[in-house]
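Enquirer: What follows is a protein structure lacking sequence information:
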(Lines give C-alpha, C1' and ligand atoms only; values in the text may rest on other atoms or scores of the structure.)
Protein backbone atom coordinates (compact mmCIF):
# COMPACT_ATOMS: atom_id res chain seq x y z
CA UNK A 1 0.00 0.00 0.00
CA UNK A 2 2.69 2.50 1.00
CA UNK A 3 4.76 1.67 -2.07
CA UNK A 4 2.03 2.91 -4.40
CA UNK A 5 1.57 6.08 -2.35
CA UNK A 6 5.29 6.77 -2.71
CA UNK A 7 5.23 6.03 -6.43
CA UNK A 8 2.37 8.47 -7.03
CA UNK A 9 4.15 11.15 -4.98
CA UNK A 10 7.40 10.65 -6.83
CA UNK A 11 5.71 10.73 -10.22
CA UNK A 12 3.22 13.55 -9.75
CA UNK A 13 4.16 15.86 -6.88
CA UNK A 14 6.53 18.12 -8.84
CA UNK A 15 3.96 18.66 -11.60
CA UNK A 16 1.25 19.35 -8.99
CA UNK A 17 3.36 22.05 -7.33
CA UNK A 18 4.18 23.63 -10.68
CA UNK A 19 0.50 23.62 -11.66
CA UNK A 20 -0.42 25.26 -8.36
CA UNK A 21 2.07 28.05 -9.03
CA UNK A 22 0.94 28.29 -12.65
CA UNK A 23 -2.70 28.75 -11.61
CA UNK A 24 -1.64 31.45 -9.15
CA UNK A 25 0.28 33.24 -11.90
CA UNK A 26 -2.73 33.27 -14.22
CA UNK A 27 -6.45 32.79 -14.23
CA UNK A 28 -7.20 29.31 -12.90
CA UNK A 29 -10.58 29.22 -14.68
CA UNK A 30 -8.87 29.79 -18.03
CA UNK A 31 -6.59 26.81 -17.32
CA UNK A 32 -9.43 24.36 -16.65
CA UNK A 33 -9.89 23.39 -20.31
CA UNK A 34 -6.13 22.93 -21.04
CA UNK A 35 -5.84 20.79 -17.90
CA UNK A 36 -8.71 18.59 -19.07
CA UNK A 37 -7.12 18.27 -22.51
CA UNK A 38 -3.75 17.30 -21.04
CA UNK A 39 -5.37 14.77 -18.70
CA UNK A 40 -7.43 13.22 -21.50
CA UNK A 41 -4.41 12.99 -23.81
CA UNK A 42 -2.38 11.36 -21.02
CA UNK A 43 -5.13 8.80 -20.42
CA UNK A 44 -5.27 7.96 -24.15
CA UNK A 45 -1.50 7.48 -24.22
CA UNK A 46 -1.68 5.21 -21.18
CA UNK A 47 -4.39 3.10 -22.84
CA UNK A 48 -2.34 2.85 -26.05
CA UNK A 49 0.71 1.84 -24.05
CA UNK A 50 -1.30 -0.89 -22.36
CA UNK A 51 -3.02 -2.21 -25.48
CA UNK A 52 -0.44 -1.64 -28.24
CA UNK A 53 3.30 -1.68 -28.76
CA UNK A 54 3.59 2.12 -28.73
CA UNK A 55 6.84 3.46 -27.28
CA UNK A 56 5.49 5.67 -24.49
CA UNK A 57 8.95 6.81 -23.45
CA UNK A 58 9.64 8.28 -26.88
CA UNK A 59 6.32 10.15 -26.94
CA UNK A 60 6.88 11.52 -23.44
CA UNK A 61 10.39 12.65 -24.37
CA UNK A 62 9.16 14.59 -27.40
CA UNK A 63 6.44 16.11 -25.20
CA UNK A 64 9.14 17.05 -22.66
CA UNK A 65 11.05 18.85 -25.43
CA UNK A 66 7.96 20.89 -26.24
CA UNK A 67 7.28 21.47 -22.54
CA UNK A 68 10.85 22.76 -22.11
CA UNK A 69 10.36 25.32 -24.88
CA UNK A 70 6.95 26.42 -23.59
CA UNK A 71 8.33 26.72 -20.04
CA UNK A 72 11.03 29.08 -21.32
CA UNK A 73 8.38 31.16 -23.11
CA UNK A 74 6.28 31.25 -19.92
CA UNK A 75 9.16 32.48 -17.77
CA UNK A 76 9.96 35.13 -20.36
CA UNK A 77 6.32 36.26 -20.45
CA UNK A 78 6.21 36.76 -16.67
CA UNK A 79 8.66 39.65 -16.90
CA UNK A 80 7.59 41.13 -20.23
CA UNK A 81 4.69 43.43 -20.89
CA UNK A 82 2.54 41.93 -23.61
CA UNK A 83 -0.90 40.81 -24.67
CA UNK A 84 -2.68 38.98 -21.89
CA UNK A 85 -4.29 36.66 -24.46
CA UNK A 86 -0.89 35.39 -25.65
CA UNK A 87 0.19 34.80 -22.08
CA UNK A 88 -2.95 32.80 -21.35
CA UNK A 89 -2.25 30.64 -24.43
CA UNK A 90 1.29 29.97 -23.21
CA UNK A 91 0.09 29.14 -19.70
CA UNK A 92 -2.65 26.86 -21.04
CA UNK A 93 -0.21 24.99 -23.28
CA UNK A 94 2.23 24.60 -20.38
CA UNK A 95 -0.48 23.25 -18.05
CA UNK A 96 -1.58 20.68 -20.66
CA UNK A 97 2.00 19.56 -21.36
CA UNK A 98 2.87 19.20 -17.66
CA UNK A 99 -0.09 16.86 -17.19
CA UNK A 100 0.59 14.98 -20.43
CA UNK A 101 4.21 14.30 -19.41
CA UNK A 102 3.28 13.21 -15.87
CA UNK A 103 -0.04 11.39 -15.83
CA UNK A 104 0.53 8.42 -18.23
CA UNK A 105 2.79 6.70 -15.69
CA UNK A 106 0.32 7.48 -12.88
CA UNK A 107 -2.59 6.06 -14.90
CA UNK A 108 -0.61 2.85 -15.54
CA UNK A 109 0.01 2.06 -11.87
CA UNK A 110 -3.41 0.36 -11.35
CA UNK A 111 -2.75 -1.98 -14.28
CA UNK A 112 -0.30 -3.91 -12.12
CA UNK A 113 -2.65 -4.30 -9.14
CA UNK A 114 -4.19 -7.53 -10.38
CA UNK A 115 -2.09 -10.09 -12.17
CA UNK A 116 -3.34 -13.18 -13.95
CA UNK A 117 -4.45 -15.88 -11.54
CA UNK A 118 -5.03 -13.52 -8.60
CA UNK A 119 -8.36 -12.86 -6.91
CA UNK A 120 -10.13 -9.58 -7.70
CA UNK A 121 -11.73 -9.32 -4.26
CA UNK A 122 -8.72 -9.60 -1.98
CA UNK A 123 -7.17 -7.63 0.85
CA UNK A 124 -3.96 -7.12 -1.11
CA UNK A 125 -5.86 -5.66 -4.08
CA UNK A 126 -7.83 -3.32 -1.77
CA UNK A 127 -4.69 -2.11 0.00
CA UNK A 128 -3.03 -1.31 -3.31
CA UNK A 129 -5.99 0.86 -4.30
CA UNK A 130 -6.00 2.58 -0.91
CA UNK A 131 -2.32 3.45 -1.27
CA UNK A 132 -2.84 4.68 -4.83
CA UNK A 133 -5.82 6.89 -3.94
CA UNK A 134 -4.01 8.23 -0.87
CA UNK A 135 -1.12 9.29 -3.09
CA UNK A 136 -3.47 11.05 -5.51
CA UNK A 137 -5.23 12.83 -2.63
CA UNK A 138 -1.90 13.98 -1.19
CA UNK A 139 -0.79 15.37 -4.56
CA UNK A 140 -4.06 17.25 -5.09
CA UNK A 141 -3.99 18.71 -1.58
CA UNK A 142 -0.39 19.86 -2.09
CA UNK A 143 -1.30 21.58 -5.37
CA UNK A 144 -4.26 23.35 -3.73
CA UNK A 145 -2.22 24.41 -0.69
CA UNK A 146 0.57 25.85 -2.85
CA UNK A 147 -2.01 27.70 -4.94
CA UNK A 148 -3.69 29.21 -1.85
CA UNK A 149 -0.34 30.35 -0.45
CA UNK A 150 0.71 31.84 -3.79
CA UNK A 151 -2.46 33.85 -4.43
CA UNK A 152 -2.30 35.33 -0.93
CA UNK A 153 1.32 36.40 -1.22
CA UNK A 154 0.28 40.04 -1.45
CA UNK A 155 -1.94 39.83 1.60
CA UNK A 156 -5.12 39.32 -0.43
CA UNK A 157 -6.74 35.94 0.22
CA UNK A 158 -9.13 35.12 -2.62
CA UNK A 159 -12.44 34.00 -1.20
CA UNK A 160 -15.44 32.87 -3.12
CA UNK A 161 -16.23 35.73 -5.48
CA UNK A 162 -19.93 35.54 -4.66
CA UNK A 163 -19.09 36.66 -1.12
CA UNK A 164 -16.51 39.26 -2.12
CA UNK A 165 -17.18 42.95 -2.02
CA UNK A 166 -16.84 44.74 -5.34
CA UNK A 167 -13.75 46.78 -4.39
CA UNK A 168 -11.98 43.61 -3.17
CA UNK A 169 -12.63 41.86 -6.47
CA UNK A 170 -11.21 44.80 -8.40
CA UNK A 171 -8.11 44.82 -6.22
CA UNK A 172 -7.75 41.08 -6.63
CA UNK A 173 -7.85 41.28 -10.43
CA UNK A 174 -5.41 44.17 -10.40
CA UNK A 175 -2.92 42.18 -8.34
CA UNK A 176 -3.30 39.07 -10.48
CA UNK A 177 -2.97 41.00 -13.76
CA UNK A 178 0.14 42.78 -12.49
CA UNK A 179 1.78 39.38 -12.09
CA UNK A 180 0.86 38.21 -15.58
CA UNK A 181 1.15 41.35 -17.70
CA UNK A 182 3.44 44.00 -16.25
CA UNK A 183 7.20 43.92 -16.17
CA UNK A 184 7.38 45.77 -12.84
CA UNK A 185 5.78 43.88 -9.92
CA UNK A 186 3.81 46.18 -7.68
CA UNK A 187 4.93 44.79 -4.35
CA UNK A 188 7.83 42.98 -2.76
CA UNK A 189 5.50 40.02 -2.23
CA UNK A 190 4.81 39.74 -5.94
CA UNK A 191 8.53 40.04 -6.69
CA UNK A 192 9.21 37.12 -4.35
CA UNK A 193 6.46 35.10 -6.03
CA UNK A 194 7.94 35.78 -9.47
CA UNK A 195 11.38 34.69 -8.27
CA UNK A 196 10.03 31.48 -6.74
CA UNK A 197 8.00 30.62 -9.84
CA UNK A 198 11.05 31.17 -12.03
CA UNK A 199 13.27 29.08 -9.77
CA UNK A 200 10.91 26.09 -9.57
CA UNK A 201 10.31 26.02 -13.31
CA UNK A 202 14.03 26.36 -14.03
CA UNK A 203 14.71 23.34 -11.78
CA UNK A 204 12.07 21.37 -13.68
CA UNK A 205 13.59 22.48 -17.00
CA UNK A 206 17.02 21.24 -15.88
CA UNK A 207 15.46 17.86 -15.12
CA UNK A 208 13.81 17.80 -18.54
CA UNK A 209 17.05 18.84 -20.23
CA UNK A 210 18.92 15.90 -18.70
CA UNK A 211 16.21 13.46 -19.83
CA UNK A 212 16.14 14.95 -23.33
CA UNK A 213 19.93 14.79 -23.70
CA UNK A 214 19.95 11.17 -22.55
CA UNK A 215 17.35 10.33 -25.22
CA UNK A 216 19.22 12.19 -27.97
CA UNK A 217 22.52 10.50 -27.06
CA UNK A 218 20.90 7.06 -26.95
CA UNK A 219 19.21 7.51 -30.35
CA UNK A 220 22.40 8.95 -31.90
CA UNK A 221 20.45 12.08 -32.85
CA UNK A 222 23.35 14.19 -31.61
CA UNK A 223 27.02 13.18 -31.45
CA UNK A 224 28.15 11.74 -28.15
CA UNK A 225 29.86 14.33 -25.95
CA UNK A 226 31.53 12.46 -23.13
CA UNK A 227 32.11 15.55 -21.00
CA UNK A 228 28.43 16.52 -21.20
CA UNK A 229 27.35 12.93 -20.63
CA UNK A 230 29.47 12.70 -17.47
CA UNK A 231 27.91 15.96 -16.33
CA UNK A 232 24.31 14.76 -16.66
CA UNK A 233 24.91 11.20 -15.40
CA UNK A 234 24.70 12.12 -11.68
CA UNK A 235 21.46 13.98 -12.37
CA UNK A 236 20.01 10.96 -14.18
CA UNK A 237 21.02 8.61 -11.38
CA UNK A 238 19.55 10.87 -8.69
CA UNK A 239 16.38 12.27 -10.26
CA UNK A 240 14.78 12.63 -6.85
CA UNK A 241 17.09 15.57 -6.09
CA UNK A 242 15.18 17.73 -8.57
CA UNK A 243 11.96 17.03 -6.67
CA UNK A 244 13.65 17.77 -3.34
CA UNK A 245 14.93 21.07 -4.75
CA UNK A 246 11.42 22.04 -5.90
CA UNK A 247 10.03 21.18 -2.46
CA UNK A 248 12.72 23.25 -0.73
CA UNK A 249 12.20 26.30 -2.94
CA UNK A 250 8.41 26.08 -2.70
CA UNK A 251 8.62 25.98 1.11
CA UNK A 252 9.98 29.54 1.03
CA UNK A 253 6.62 30.80 -0.27
CA UNK A 254 4.42 29.93 2.75
CA UNK A 255 7.16 31.12 5.11
CA UNK A 256 7.13 34.56 3.46
CA UNK A 257 3.33 34.77 3.53
CA UNK A 258 3.20 33.60 7.15
CA UNK A 259 5.73 36.22 8.30
CA UNK A 260 3.89 38.96 6.42
CA UNK A 261 0.66 38.04 8.17
CA UNK A 262 2.04 37.65 11.68
CA UNK A 263 1.36 41.32 12.30
CA UNK A 264 -0.90 42.46 9.46
CA UNK A 265 -1.16 46.23 8.89
CA UNK A 266 -4.43 47.49 10.34
CA UNK A 267 -6.07 50.76 9.36
CA UNK A 268 -6.62 52.48 12.71
CA UNK A 269 -9.20 54.76 11.11
CA UNK A 270 -11.36 51.80 10.13
CA UNK A 271 -14.22 50.68 12.28
CA UNK A 272 -13.81 47.68 14.65
CA UNK A 273 -15.59 45.34 12.24
CA UNK A 274 -13.11 46.11 9.47
CA UNK A 275 -10.17 45.58 11.82
CA UNK A 276 -11.56 42.22 12.95
CA UNK A 277 -12.03 41.28 9.31
CA UNK A 278 -8.38 42.14 8.56
CA UNK A 279 -7.17 40.04 11.50
CA UNK A 280 -9.35 37.10 10.49
CA UNK A 281 -8.10 37.23 6.89
CA UNK A 282 -4.51 37.20 8.15
CA UNK A 283 -5.29 34.24 10.41
CA UNK A 284 -6.78 32.34 7.46
CA UNK A 285 -3.66 33.02 5.40
CA UNK A 286 -1.42 31.80 8.22
CA UNK A 287 -3.51 28.62 8.41
CA UNK A 288 -3.02 27.90 4.72
CA UNK A 289 0.70 28.55 5.06
CA UNK A 290 0.97 26.04 7.91
CA UNK A 291 -0.97 23.46 5.87
CA UNK A 292 1.37 23.99 2.95
CA UNK A 293 4.47 23.61 5.12
CA UNK A 294 3.11 20.46 6.75
CA UNK A 295 2.34 18.87 3.37
CA UNK A 296 5.75 19.77 1.93
CA UNK A 297 7.52 18.49 5.04
CA UNK A 298 5.50 15.26 4.94
CA UNK A 299 6.39 14.77 1.26
CA UNK A 300 10.07 15.34 1.99
CA UNK A 301 9.95 12.85 4.87
CA UNK A 302 8.13 10.19 2.84
CA UNK A 303 10.38 10.46 -0.21
CA UNK A 304 13.62 11.24 1.57
CA UNK A 305 13.42 8.85 4.53
CA UNK A 306 10.57 6.34 4.18
CA UNK A 307 11.18 5.45 0.53
CA UNK A 308 14.90 4.63 0.94
CA UNK A 309 14.03 2.62 4.05
CA UNK A 310 11.44 0.51 2.22
CA UNK A 311 13.85 -0.10 -0.67
CA UNK A 312 16.83 -1.18 1.41
CA UNK A 313 15.07 -4.12 3.05
CA UNK A 314 15.76 -6.64 0.27
CA UNK A 315 19.19 -7.33 -1.17
CA UNK A 316 19.50 -8.81 -4.64
CA UNK A 317 21.14 -12.20 -4.89
CA UNK A 318 24.64 -12.32 -6.42
CA UNK A 319 25.00 -12.79 -10.15
CA UNK A 320 25.76 -16.26 -11.47
CA UNK A 321 28.54 -17.07 -13.94
CA UNK A 322 27.86 -17.16 -17.67
CA UNK A 323 29.83 -17.57 -20.89
CA UNK A 324 29.94 -15.07 -23.78
CA UNK A 325 31.04 -16.26 -27.20
CA UNK A 326 30.75 -14.52 -30.60
CA UNK A 327 28.11 -12.06 -29.46
CA UNK A 328 26.05 -14.72 -27.69
CA UNK A 329 25.48 -15.38 -24.01
CA UNK A 330 25.49 -19.12 -23.40
CA UNK A 331 23.81 -20.52 -20.26
CA UNK A 332 23.63 -24.29 -19.77
CA UNK A 333 20.06 -25.47 -19.20
CA UNK A 334 21.17 -27.76 -16.40
CA UNK A 335 21.98 -24.71 -14.26
CA UNK A 336 18.46 -23.26 -14.52
CA UNK A 337 16.29 -26.38 -14.29
CA UNK A 338 15.34 -25.92 -10.63
CA UNK A 339 12.53 -23.39 -11.26
CA UNK A 340 14.26 -20.75 -9.11
CA UNK A 341 15.18 -17.19 -10.04
CA UNK A 342 18.64 -16.87 -11.58
CA UNK A 343 20.34 -13.49 -12.00
CA UNK A 344 23.18 -12.56 -14.35
CA UNK A 345 25.32 -9.46 -14.92
CA UNK A 346 26.37 -8.14 -18.31
CA UNK A 347 28.74 -5.22 -18.88
CA UNK A 348 27.47 -3.21 -21.84
CA UNK A 349 29.11 -0.41 -23.79
CA UNK A 350 30.18 2.70 -21.87
CA UNK A 351 30.79 0.44 -18.87
CA UNK A 352 27.10 0.16 -18.02
CA UNK A 353 26.35 -2.74 -15.67
CA UNK A 354 23.18 -4.56 -16.70
CA UNK A 355 21.26 -7.38 -15.02
CA UNK A 356 18.90 -9.95 -16.47
CA UNK A 357 16.98 -12.84 -14.94
CA UNK A 358 15.94 -16.34 -16.02
CA UNK A 359 13.38 -18.65 -14.46
CA UNK A 360 11.97 -21.93 -15.71
CA UNK A 361 8.19 -21.58 -16.01
CA UNK A 362 7.30 -25.07 -17.20
CA UNK A 363 8.80 -27.98 -19.10
CA UNK A 364 8.70 -26.09 -22.40
CA UNK A 365 9.30 -22.41 -21.59
CA UNK A 366 11.56 -20.08 -19.69
CA UNK A 367 10.93 -16.56 -18.45
CA UNK A 368 13.80 -14.38 -19.62
CA UNK A 369 13.94 -10.62 -19.11
CA UNK A 370 15.87 -7.67 -17.81
CA UNK A 371 16.07 -7.18 -14.05
CA UNK A 372 13.99 -4.06 -14.71
CA UNK A 373 10.52 -3.04 -15.90
CA UNK A 374 8.91 -0.12 -17.73
CA UNK A 375 7.23 1.20 -14.58
CA UNK A 376 9.67 0.73 -11.70
CA UNK A 377 12.93 0.90 -13.64
CA UNK A 378 16.04 -1.17 -12.78
CA UNK A 379 15.15 -1.78 -9.14
CA UNK A 380 15.19 -5.54 -9.64
CA UNK A 381 13.27 -8.64 -8.57
CA UNK A 382 13.77 -11.13 -5.78
CA UNK A 383 12.33 -14.46 -4.71
CA UNK A 384 10.12 -14.90 -1.65
CA UNK A 385 8.35 -18.16 -0.81
CA UNK A 386 8.82 -19.39 -4.38
CA UNK A 387 7.29 -16.17 -5.74
CA UNK A 388 9.01 -13.48 -7.84
CA UNK A 389 8.53 -10.03 -6.30
CA UNK A 390 9.29 -6.53 -7.60
CA UNK A 391 11.69 -4.94 -5.12
CA UNK A 392 10.19 -1.44 -5.54
CA UNK A 393 6.42 -1.89 -5.54
CA UNK A 394 6.24 -5.36 -3.90
CA UNK A 395 4.04 -6.70 -6.70
CA UNK A 396 3.97 -10.51 -7.02
CA UNK A 397 4.80 -11.65 -10.55
CA UNK A 398 2.78 -14.37 -12.19
CA UNK A 399 5.55 -16.68 -13.41
CA UNK A 400 3.52 -17.56 -16.49
CA UNK A 401 3.65 -13.91 -17.64
CA UNK A 402 7.40 -13.40 -17.16
CA UNK A 403 8.80 -12.94 -20.64
CA UNK A 404 5.80 -10.91 -21.79
CA UNK A 405 5.36 -7.15 -21.66
CA UNK A 406 2.86 -5.45 -19.43
CA UNK A 407 2.42 -4.11 -15.92
CA UNK A 408 5.42 -4.66 -13.68
CA UNK A 409 6.72 -7.65 -15.64
CA UNK A 410 10.45 -7.71 -16.47
CA UNK A 411 11.30 -6.26 -19.88
CA UNK A 412 11.40 -9.44 -22.03
CA UNK A 413 14.51 -10.67 -23.84
CA UNK A 414 14.44 -12.98 -26.85
CA UNK A 415 16.23 -16.33 -26.50
CA UNK A 416 16.71 -19.62 -28.28
CA UNK A 417 17.41 -23.15 -27.03
CA UNK A 418 20.28 -24.86 -28.78
CA UNK A 419 22.53 -27.78 -27.89
CA UNK A 420 21.38 -27.98 -24.29
CA UNK A 421 21.96 -24.27 -23.77
CA UNK A 422 19.85 -21.12 -23.52
CA UNK A 423 21.25 -18.51 -25.92
CA UNK A 424 20.77 -14.73 -25.77
CA UNK A 425 22.10 -12.16 -28.23
CA UNK A 426 24.28 -9.49 -26.62
CA UNK A 427 22.88 -7.03 -29.16
CA UNK A 428 19.46 -7.29 -27.52
CA UNK A 429 20.99 -6.33 -24.19
CA UNK A 430 22.94 -3.46 -25.72
CA UNK A 431 19.72 -2.02 -27.13
CA UNK A 432 18.29 -1.80 -23.60
CA UNK A 433 21.38 -0.54 -21.76
CA UNK A 434 19.95 2.97 -21.23
CA UNK A 435 17.53 1.51 -18.68
CA UNK A 436 20.45 0.91 -16.31
CA UNK A 437 22.16 4.31 -16.59
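Expert: That came through, no problem. What you see is a predicted model; the values in this text were computed from it and never measured. Numbers count the residues shown, from 1 in each chain.
Enquirer: For the protein, just list every one of the helices.
Expert: 2-25, 32-51, 56-78, 84-108, 123-151, 166-180, 188-218, 226-237, 240-260, 272-301, 307-311, 426-430 (DSSP state H).
Enquirer: quick one: which of those is nearest residue 345?
Expert: Nearest of the helices of the chain to residue 345, taken as CB to CB: helix 426-430 at 10.6 Å. From N, CA and C alone the C-beta is placed, and that goes for glycine too.
Enquirer: and that closest one, how far from the chain's centre?
Expert: In terms of CA atoms, centre = their mean, to the nearest Å, the centre of helix 426-430 is found 29 Å from the chain centre.
Enquirer: which residues touch it?
Expert: 324, 327-329, 346, 348-349, 354, 356, 370, 413-414 (CB atoms under 8 Å, 6 or more residues apart in numbering).
Enquirer: coming back round to it: looking at the helices of the chain, which has the lowest confidence?
Expert: Among the helices of the chain, helix 166-180 carries the lowest mean pLDDT, at a mean of 44.
Enquirer: Determine which stretch of the helices of the chain is the most buried.
Expert: Most buried of the helices of the chain by mean neighbour count (mean count of other CB atoms under 10 Å) is helix 2-25; its value is a mean of 23.
Enquirer: helices or strands up against that one?
Expert: Helices and strands touching helix 2-25, by 3 or more CB pairs under 8 Å, 6 or more residues apart in numbering; DSSP states H and E, are helix 84-108, helix 123-151, helix 166-180, helix 188-218, helix 240-260, helix 307-311.
Enquirer: For the strand ranked longest in the chain, list every residue counted as buried.
Expert: Looking across the chain with DSSP state E, the single longest strand is strand 353-360. Residues of strand 353-360 classed as buried by neighbour count (16 or more other CB atoms under 10 Å): 354-360.
Enquirer: about what we covered before: are any of the contacts of helix 426-430 buried, and which?
Expert: 329, 346, 348, 354, 356, 370, 413.
Enquirer: Just to check, the third one is in contact with residue 355?
Expert: No. Counting by CB atoms under 8 Å, residue 348 does not reach residue 355; the two are 10.8 Å apart.
Enquirer: which neighbours do the two share?
Expert: Common neighbours of residue 348 and residue 355 (criterion: CB under 8 Å, 6+ apart): residue 436.
Enquirer: Between which two of the contacts of helix 426-430 is the distance greatest?
Expert: 349 and 414 (19.3 Å).
Enquirer: Now do the end-to-end distance for stretch 365-381.
Expert: Stretch 365-381 has an end-to-end distance of 19 Å (CA to CA, to the nearest Å).
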